[in-house]
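*Asks:* Here is a sequence with its predicted model. Questions after.
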Amino acid sequence: MAKSLLVISRQAPWSGPSAREALDIVLAGGAFDLPIGLLLLDDGVFQLAPHQDAKAVQQKDLSANLQALGLFGIDDVFACSHSLAARGLVHSTLAQPLDSAAITQLIDRYDQVITL
Amino acid sequence: MSTLHVISHSPFTDSRLESCLRICGSEDAILLCGDGAYGLHAPALLTRGVKVFVLAEDMLARNLPLPDWADSVDYPGFVQLSIDYDKVNSWL
């Protein structure tokens, strides 16, 4: 049995390659049927903001990758409800909101954690 | 399950330590290294009551006093901690 991995993504989509690379890890893991989950924390929750326009800054759209998670069989996608509320974001259908206690339990459930 | 959280950024310019403290479990510990060692001056660490380690050389380089609520470790101690805890979460 492969070890399970939780990727915690805590950077906004426009602050460098970190958000994209975290998503790439998750998508690659999903393609190989590895037990993998994604948690959006801190500025990472900005990845869920609607109607972002990547073309305005000559970049590729990250939200398409986020929506592809389901196609890759990755259902464990979570967002920190504290981070969402602090940034005035409403809950997205793409990620299940979790409070701090639930995040502690989530991390416990996985064998390994990567925070980017 | 216990997690060793490794923090290498100063809590005074960055939210890593604050977020870590929010989701830290009762069995977890925090290891401060690099500018993360400035966390020894962060009141939140003292009041949270979580186990705290600091990398000795980073503490000495910054002339930070070791409070009674924290323990210092050298690099072999760092390795031992990463073995003792079920997993390591490096807040990169």
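*Replies:* Cool, got the structure. Numbering: from 1, shown residues only, chains lettered A, B, ... in the order given.
*Asks:* use CA for all of it now, contacts and neighbours both
*Replies:* Will do.
*Asks:* does the lowest-mean-pLDDT helix or strand in chain B come close to chain A?
*Replies:* For chain B, the helix or strand with the lowest mean confidence is helix B:43-48, at a mean of 86 (criterion: mean pLDDT, DSSP states H and E). No - contact between helix B:43-48 and chain A is absent, the nearest approach being 14.2 Å (criterion: CA under 8 Å from any CA of the partner chain).
*Asks:* can you pull out the helices in chain B?
*Replies:* Taking DSSP state H, the helices of chain B run over residues B:16-23, B:43-48, B:56-61, B:75-84.
*Asks:* And the contacts of the longest one?
*Replies:* So that's helix B:75-84. Residues from elsewhere that reach helix B:75-84 (CA atoms under 8 Å, 6 or more residues apart in numbering or on different chains): B:4, B:55, B:88.
*Asks:* residues from chain B in reach of chain A?
*Replies:* With CA under 8 Å from any CA as the criterion, chain B comes near chain A at residues B:1-3, B:19, B:22-25, B:86-92.
*Asks:* if we can go back for a sec, any idea how far the least confident helix or strand of chain B is from the chain center?
*Replies:* How far helix B:43-48 lies from its chain's middle: 12 Å, per CA atoms, centre = their mean, to the nearest Å.
*Asks:* Can you tell me which helices and strands it packs against?
*Replies:* Here helix B:43-48 touches helix B:16-23, going by 3 or more CA pairs under 8 Å, 6 or more residues apart in numbering or on different chains; DSSP states H and E.
*Asks:* 10 Å instead?
*Replies:* Helix B:43-48 is packed against helix B:16-23, strand B:51-55, with contacts defined by 3 or more CA pairs under 10 Å, 6 or more residues apart in numbering or on different chains; DSSP states H and E.
*Asks:* who's in contact with A:A95?
*Replies:* Shown in contact with A:A95 (CA atoms under 10 Å, 6 or more residues apart in numbering or on different chains): A:38-40, A:45, A:48, A:66-67, A:75-80.
*Asks:* Which of those fall in helices?
*Replies:* Counting by DSSP H, the part of these found in helices is A:66-67.
*Asks:* Neighbour-wise, which one of the contacts of A:A95 leads?
*Replies:* Among the contacts of A:A95, the one with the most neighbours (other CA atoms under 10 Å in any protein chain shown) is A:L40, at 30 neighbours.
*Asks:* ok, back up a step: can you turn the buried part of the contacts of helix B:75-84 into a PyMOL selection?
*Replies:* Entered in PyMOL, the line below selects the buried ones among the contacts of helix B:75-84, by 16 or more other CA atoms under 10 Å in any protein chain shown:
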select buried, chain B and resi 4+55+88
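*Asks:* Take the contacts of helix B:75-84 and write them to JSON lines, including distance to B:L81 and pLDDT.
*Replies:* Below are those laid out as JSON lines (distance: CA to CA, whole Å; pLDDT from 0 to 100):
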{"residue": "B:L4", "distance to B:L81": "8", "pLDDT": "98"}
{"residue": "B:L55", "distance to B:L81": "11", "pLDDT": "98"}
{"residue": "B:V88", "distance to B:L81": "9", "pLDDT": "97"}
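*Asks:* Name the helix or strand of chain A that has the lowest mean pLDDT.
*Replies:* One helix or strand of chain A scores below all others by mean pLDDT, DSSP H and E: helix A:63-68, with a mean of 88.
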